[in-house]
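In: Provide a 3D model corresponding to the input given below.
(one chain, ligands or ions: 2)
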Amino acid sequence: MPLFGRKSDGEKKERGKDSDIRKKYDLKETLGTGAFSEVLLAEDKIQPGKFVAVKCIDRMGIVGKEESLTNEIEVLRRLNHPNIVQLTDVFEDKNYVYLVMELVTGGELFDRIMEKGSYTERDASYLMKQVLEGVDFMHEKGIVHRDLKPENLLYYSSSADSKIMISDFGLSKIEDSGTMATACGTPGYVAPEVLAQQPYGKEVDCWSIGVIAYILLCGYPPFYDENDAALFQQILRAEFEFDSPYWDDISESAKEFIRNLMCKDPKKRFTCKQAIAFPWISGNTALDKNIHASVSAQMQKNFIKSKWKRAYNATAVIRQMRKLAMHKEDKKLQE
Ligand code: ADP
Ligand code: MG
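Out: Ligands and ions are numbered 1, 2, ... in the order given. Reported below is the predicted structural model:
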């Protein structure tokens, strides 16, 4: 069995058994699974009807970071920003660390884009602006995400004009998912200096934002090779192209924005503030042309999820739970 592989349900250590988390929260359905963690829906016992998300991190995935944990969490709890999923509480027991987070119910970024009817550069620009503002806020506080990727961008609610939220901020130090994911061979969003094993800082987030912006405008990743070594080389050289025909209708301003974020030299790379000030974000250079057909077709092809990874939509889960609860009530009344 792989060291960090998913355990079968039979072997799974019971969550919350020896922790105070069960005094405060009712742990319910799975909302999503990551490499080393599972995110569960939970209901507040003191305020029934109030739901949160609880990220259960297997202690096997935390490498000798135990003492720093409480300090980190204290810092994170005090920081809040409209585009960052708030961390509210932490519990632990022998097997798991439980991070209680604000529940977001709007689903993942790419899923929503694929479902939409129309999608433009301007939509992508607005998404990137919110991400940049959240990341800039955390950078100001000295916190680096290190694992920015589309799966960590979640819609706050299912309404069409919902804001986007960044999850997992500051958690990479705890989970170390960034480096582990790299070791496991999904380096798509990792900056060249990380692969080169040089010391790195908040510039790595700006690189990842560039990669995300690239995908948001064409639906496929800037670096791809079946062979990991070749893929590493592409990233290390920051070798990417705006291929025809996919990029033919995209503005020069958008391309310039991406070039400045996916800049090999971290010292010359745009900071969040520079990126926010760029006309594609703050001016009028983002185009209004509908690019949905081409982008969503590419996303469908390149970002299909395997079944076990598919996230459950929190709204659907809550609705289902309410139905079940009402059904039980009805039955009681009938008896
Ligand atoms: P990863 O390591 O891939 O980021 P996570 O363990 O962070 O995985 O989360 C897995 C999935 O759980 C996410 O992709 C998302 O669908 C869901 N999820 C994470 N955080 C929340 C949250 N605060 N509210 C609702 N769903 C969440
Ligand atoms: Mg995540």
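
In: hey, where'd the helices end up in the chain?
Out: With DSSP state H applied, the chain shows helices at 21-24, 66-78, 109-115, 121-140, 172-175, 177-183, 192-195, 203-218, 228-236, 252-261, 272-277, 279-282, 292-302, 314-334, listed in chain order.

In: May I have the fourth one as CSV, with CA atoms only?
Out: It stands for helix 121-140. Provided in CSV are the C-alpha atoms of helix 121-140 (Å, rounded to 0.1, in the frame of the first residue of the first chain):
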residue,chain,number,x,y,z
GLU,A,121,-11.9,37.9,-21.1
ARG,A,122,-13.6,40.4,-18.9
ASP,A,123,-15.1,37.6,-16.7
ALA,A,124,-11.6,36.0,-16.4
SER,A,125,-10.1,39.4,-15.6
TYR,A,126,-12.7,39.9,-12.8
LEU,A,127,-11.9,36.4,-11.4
MET,A,128,-8.2,37.2,-11.4
LYS,A,129,-8.7,40.5,-9.7
GLN,A,130,-10.4,38.9,-6.8
VAL,A,131,-7.7,36.3,-6.5
LEU,A,132,-5.0,38.9,-6.7
GLU,A,133,-6.6,41.0,-4.0
GLY,A,134,-6.9,38.0,-1.6
VAL,A,135,-3.3,36.9,-2.3
ASP,A,136,-2.0,40.5,-2.0
PHE,A,137,-3.7,40.8,1.4
MET,A,138,-2.0,37.6,2.7
HIS,A,139,1.4,38.6,1.2
GLU,A,140,1.2,41.9,3.1
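
In: Please verify my assumption that residue 196 contacts residue 238.
Out: No. The pair residue 196 and residue 238 fails to qualify as a contact (CB atoms under 8 Å) at a distance of 11.1 Å. Using the backbone N, CA and C atoms, a C-beta is placed for each residue, glycine as well.

In: In terms of packing, which of those two has more residues around it?
Out: residue 238 (18 against 12; other CB atoms under 10 Å).

In: Now that one: closest residue in space that isn't a chain neighbour?
Out: Among residues not flanking residue 238 along the chain, residue 264 sits closest, at 3.7 Å (CB to CB, 6 or more residues apart in numbering).

In: burial count for the one you found?
Out: Counted with other CB under 10 Å, residue 264 comes out at 16.

In: which residues sit in contact with the residue most central in space within the chain?
Out: Most central in the chain under CA atoms, centre = their mean is residue 152, positioned 0.4 Å from the mean C-alpha point. Listed by CB atoms under 8 Å, 6 or more residues apart in numbering, the contact set of residue 152 reads 145, 166-168.

In: need the helix or strand of this protein with the lowest average pLDDT.
Out: helix 177-183 (a mean of 43; mean pLDDT, DSSP states H and E).

In: measure stretch 32-46 end to end?
Out: Stretch 32-46 has an end-to-end distance of 25 Å (criterion: CA to CA, to the nearest Å).

In: is that stretch up against ligand 1 anywhere?
Out: Yes. For stretch 32-46 and ligand 1, the contact criterion (CB under 6 Å from any ligand atom) is met by 32-35, 37, 39.

In: From the chain's centroid, how far away is that stretch?
Out: 15 Å (CA atoms, centre = their mean, to the nearest Å).

In: which of the residues in that stretch are buried?
Out: Buried residues in stretch 32-46, counted by 16 or more other CB atoms under 10 Å: 32, 34-43.

In: Ok, stretch 247-262 next?
Out: 247, 250-251, 253-254, 257-258, 260-262.

In: Now that stretch - C-alpha only, PDB.
Out: Coordinates of the C-alpha atoms in stretch 247-262 are reproduced here as PDB (Å, rounded to 0.1, in the frame of the first residue of the first chain):
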ATOM      1  CA  TRP A 247      -5.000  32.400 -28.600                       C
ATOM      2  CA  ASP A 248      -5.800  34.100 -31.900                       C
ATOM      3  CA  ASP A 249      -8.700  36.100 -30.500                       C
ATOM      4  CA  ILE A 250      -7.200  36.900 -27.100                       C
ATOM      5  CA  SER A 251      -6.000  40.500 -26.500                       C
ATOM      6  CA  GLU A 252      -2.300  41.400 -26.500                       C
ATOM      7  CA  SER A 253      -2.900  43.000 -23.100                       C
ATOM      8  CA  ALA A 254      -4.000  39.600 -21.600                       C
ATOM      9  CA  LYS A 255      -0.900  38.000 -23.100                       C
ATOM     10  CA  GLU A 256       1.300  40.700 -21.600                       C
ATOM     11  CA  PHE A 257      -0.300  40.200 -18.200                       C
ATOM     12  CA  ILE A 258       0.500  36.500 -18.300                       C
ATOM     13  CA  ARG A 259       4.100  37.000 -19.600                       C
ATOM     14  CA  ASN A 260       4.700  39.300 -16.600                       C
ATOM     15  CA  LEU A 261       3.400  36.800 -14.100                       C
ATOM     16  CA  MET A 262       4.900  33.700 -15.700                       C
END
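
In: In space, what's closest to residue 129 - neighbours in sequence excluded?
Out: Per CB to CB, 6+ apart, closest to residue 129 is residue 281, 5.0 Å.
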